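> The following block contains a protein sequence and its predicted model.
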Amino acid sequence: MIVDVREPQEFRSGHIPGAVNHPLSQFDPARLARGKPVVLICQAGGRSARALRRVLAAGRGDVRHYAGGMSGWRARGGQVI
């Protein structure tokens, strides 16, 4: 599961197919899915790293973040809708 922590207007401007939007401004680690891999992403990696720190502080170790963010995803030719 891909969780995009950018704000809604950023998410609407283009996101990874199938991603869900949980903005960092309202981010709650308890809302993340359990039982499947979760990857956090933002624009450049900073916000997803902050979200990951919150997740780790909440006791979850099964979540990762995409350090390159959407900028890196796009640069590598990743699909965006």
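Sure, I can see it. Numbers count the residues shown, from 1 in each chain.
> Leaving out the residues flanking it, which one is nearest to Asp28?
His22 (7.6 Å; CB to CB, 6 or more residues apart in numbering). All C-beta atoms are positioned from the backbone trio N, CA, C, and that covers glycine.
> ok, longest helix in the protein?
helix 46-57 (DSSP state H).
> check contacts around the residue nearest to Arg47 when sequence neighbours are not counted.
Leaving aside its sequence neighbours, Arg47 sits nearest to Leu24 (CB to CB, 6+ apart; 4.6 Å). Going by CB atoms under 8 Å, 6 or more residues apart in numbering, Leu24 touches 5-7, 42, 47, 50-51.
> Could you do Val3 as well?
Val3 neighbours (CB under 8 Å, 6+ apart): 19-22, 32, 38-41, 51.
> Of these, which qualify as buried by neighbour count?
Neighbour-count burial (16 or more other CB atoms under 10 Å) is assigned, among those, to 19, 22, 32, 38-41, 51.
> Out of these, the closest to Gly72 would be?
Closest approach between these and Gly72, by CB to CB: Ile41, at 9.2 Å.
> pLDDT value on that closest one, please?
pLDDT, Ile41: 98.
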